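Asker: got a sequence here, can you build the structure:
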Amino acid sequence: MDDISIKHQPDETSGAALINSPALANTRKVYVKTYGCQMNVYDSQRMADSLAAEGYSPTDTADDADLVLINTCHIREKASEKLYSALGRLRKMKDARAKEGRELTVGVAGCVAQAEGDEITRRAPVVDLVVGPQTYHRLPQALARVAKGERVVETEYAIEDKFEHLPSPGKEQTRSRGVTAFLTVQEGCDKFCTFCVVPYTRGSEVSRPVAQILKEAEKLADAGVRELTLLGQNVNAWHGEGPDGREWGLGELLYRLAEIPGIARLRYITSHPRDMDDALINAHRDLDMLMPYLHLPVQAGSDRILKAMNRKHTGDDYLRLIERIRNARSDIALSGDFIVGFPGETDEDFEATLQLVRDVTYAAAYSFKYSPRPGTPGADLPDHIDEAVKDERLQRLQALLSEQQYAFQRSLVNKSFDVLIEKAGRVPGQMVGRSPWLQPVIIDVHGGRIGDIINVRIIDTGTNSLIGVREMV
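Answerer: Residues are numbered from 1 along each chain as shown. Below you'll find the predicted structure:
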């Protein structure tokens, strides 16, 4: 039942994701639909792990489910309205089930759940439970209360560490996720950018302990994961006491993760320019397995707009940081986030953003029109920009970014590099791998098996992918 989907701006890197893990011998089935960032994908996987321990098996369709969970994103405008539209369709399904004597439990999770709370159950009686990002470890208990006739809203920030209370996925569950995996190491944000709801929906910055991270990473490696992506709202703000008694930063953590047998590639997302320290830059210099691709949002090029956004860095600060990173790792490629039409943005401010893009040259980027989020300081600023002006600026920025992305893609033709084979291709006889710079790479099926890392020469490029052939040694 894909029509329950909440369509959204492509402002997050993962789009929608469906939990897909091995079926268990049980009659209860759960359908989890995920929207938003990679952290939501990770959260959905952990919710599925929690439910598997309670006897729920996954299904790829809402029509077949006893429990439907919608894991929501609150970054873009109108996210809640689109959620209610999806819930309206689920209400019809639930009513039809009731006439047949069958039950359907409906839950809402994620950042819209955190922001809306009781309002969701008030506006949409079809919803049986609401769980926020910090309380989804309580999902089994919430479902037990629902079974007793309660409507449950769990959005208070948990005192306990949710990760300590989540059951570890079994090896087969982990293996089903493939040879790449996400691992959340940090949550929340203390930066309070004036356009952003994350501090209000995810809470303040919290770092997971080193031992907990290593334990989960080792379990993933044992299940066949070759590439690990560390997640956080401000992942490079991660810090924790290491086994040597010192406080580690993300750089030190990456050096330690690089020692885990089986893990061949490391990535991390999303970073803030203010938290990019020397140890992390040195990790890019020293660790070949730390992929040469960095998502480092700047949002705007104008110092005046950056100040209004409360970014606490200037355009020149960002450019000098990029220079240091590229001096440490010459083949590194950059991606970023940009907002156009922030309140008060003049033509000159927008031109400063275009100039910063020209100065950096990006391999990829995400760009959006500013949309006011209720409860954020930006929503109360004067001089909001006309939508037509936003549209025109966004088109100009995206044209420049697309030109840079295509140039980067073309620069890889006739070059050879290692590719991690991830899955079978859509066309028979093809496999799909991942380049060091995150692009899909299509190769002949005889090029390698899933999980192999092979040397590939690029012979052509598509809009968002590369076409290669295996280099035979």
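Asker: what about the stretch 1-150 of the chain, any weak spots by pLDDT?
Answerer: 1-27, 75-80 (pLDDT under 70).
Asker: how about the strands in it?
Answerer: When secondary structure is read from DSSP state E, counting those that start in this stretch, the stretch 1-150 of the chain shows strands at 17-18, 29-34, 57-58, 67-72, 105-110, 129-131.
Asker: can these go into CSV with extra columns for distance to Thr180 and mean neighbour count?
Answerer: No exception for glycine: its C-beta is placed from N, CA and C like everyone else's. Output for the strands of the stretch 1-150 of the chain, formatted as CSV (distance: least, CB to CB, whole Å; neighbours: other CB atoms under 10 Å):
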stretch, distance to Thr180, mean neighbour count
strand 17-18, 13, 17
strand 29-34, 16, 23
strand 57-58, 19, 20
strand 67-72, 20, 27
strand 105-110, 22, 25
strand 129-131, 26, 26
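Asker: among these, which is nearest Ser330?
Answerer: Nearest to Ser330 among those is strand 17-18 (33.5 Å), distances taken as CB to CB.
Asker: select, out of the strands of the stretch 1-150 of the chain, the one closest to Asn455.
Answerer: Short answer: strand 17-18, nearest of the strands of the stretch 1-150 of the chain by CB to CB, at 29.9 Å.
Asker: how about Ile467, nearest residue that isn't a chain neighbour?
Answerer: Distances taken as CB to CB, 6 or more residues apart in numbering place Asp460 nearest to Ile467, at 4.3 Å, with adjacent residues excluded.
Asker: bridging residues for Tyr366?
Answerer: Here Tyr366 sits in beta bridges with Asp337, as judged by DSSP bridges.
Asker: from Leu257, how far off is it?
Answerer: Distance, Tyr366 to Leu257, by CB to CB, to the nearest Å: 26 Å.
Asker: more neighbours, these two?
Answerer: Taking neighbours as other CB atoms under 10 Å, Tyr366 and Leu257 compare with Leu257 leading, 24 against 18.
Asker: return the residues in contact with the more buried one.
Answerer: Contacts for Leu257 (CB atoms under 8 Å, 6 or more residues apart in numbering) come out as 213-214, 217, 228, 230, 263, 266.
Asker: and if you look at Glu348?
Answerer: Contacts of Glu348 by CB under 8 Å, 6+ apart are Ser302.
Asker: any idea of the pLDDT on it?
Answerer: With respect to pLDDT, Glu348 scores 98.
Asker: name the nearest residue to Pro343, ignoring sequence neighbours.
Answerer: Using CB to CB, 6+ apart, the closest residue to Pro343 is Leu381 (3.9 Å).
Asker: quick one: the one you found from Glu392, how far?
Answerer: From Leu381 to Glu392 the distance is 21 Å (CB to CB).
Asker: and these two? Which one has more around it.
Answerer: When neighbours are counted by other CB under 10 Å, Leu381 comes out ahead of the other of Leu381 and Glu392, with 17 against 14.
Asker: I'd say the more buried one and Glu345 touch.
Answerer: No. Taking CB atoms under 8 Å as the definition, Leu381 is not a contact partner of Glu345, at 10.6 Å.
Asker: give me the common contacts of these two.
Answerer: In contact with both Leu381 and Glu345: no residue, using CB under 8 Å, 6+ apart.
Asker: my read: Tyr252 touches Pro243, true?
Answerer: No Tyr there; residue 252 is Glu. No. Using CB under 8 Å, Glu252 is not in contact with Pro243, being 10.6 Å away.
Asker: between the two, who's got more neighbours?
Answerer: More crowded of Glu252 and Pro243, by other CB under 10 Å: Glu252, with 20 against 10.
Asker: and the more buried one, that one's in a strand?
Answerer: No. Secondary structure assignment (DSSP: H, G, I helix; E, B strand; the rest coil) places Glu252 in helix, not in a strand.
Asker: who's in contact with it?
Answerer: By CB under 8 Å, 6+ apart, the contact set of Glu252 is 242, 246, 279.
Asker: cool, and Val106?
Answerer: Taking CB under 8 Å, 6+ apart, we find Val106 in contact with 67-68, 70, 87, 90, 94, 126-129.
Asker: could you dump the residues you listed into a markdown table and include distance to Thr34?
Answerer: Formatted as a markdown table, the contacts of Val106 follow (distance: CB to CB, whole Å):
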| residue | distance to Thr34 |
| --- | --- |
| Leu67 | 15 |
| Val68 | 12 |
| Ile70 | 8 |
| Leu87 | 16 |
| Leu90 | 16 |
| Lys94 | 21 |
| Val126 | 19 |
| Val127 | 17 |
| Asp128 | 19 |
| Leu129 | 17 |
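Asker: quick one: which two of those residues are the most distant?
Answerer: Spatial extent of the contacts of Val106 (CB to CB) is set by the pair Leu67 and Leu87 at 14.4 Å.
Asker: can you give me the helices in the stretch 351-473 of the chain?
Answerer: For the stretch 351-473 of the chain, the helices defined by DSSP state H, counting those that start in this stretch cover 387-411.
Asker: low-confidence regions, it specifically.
Answerer: 473.
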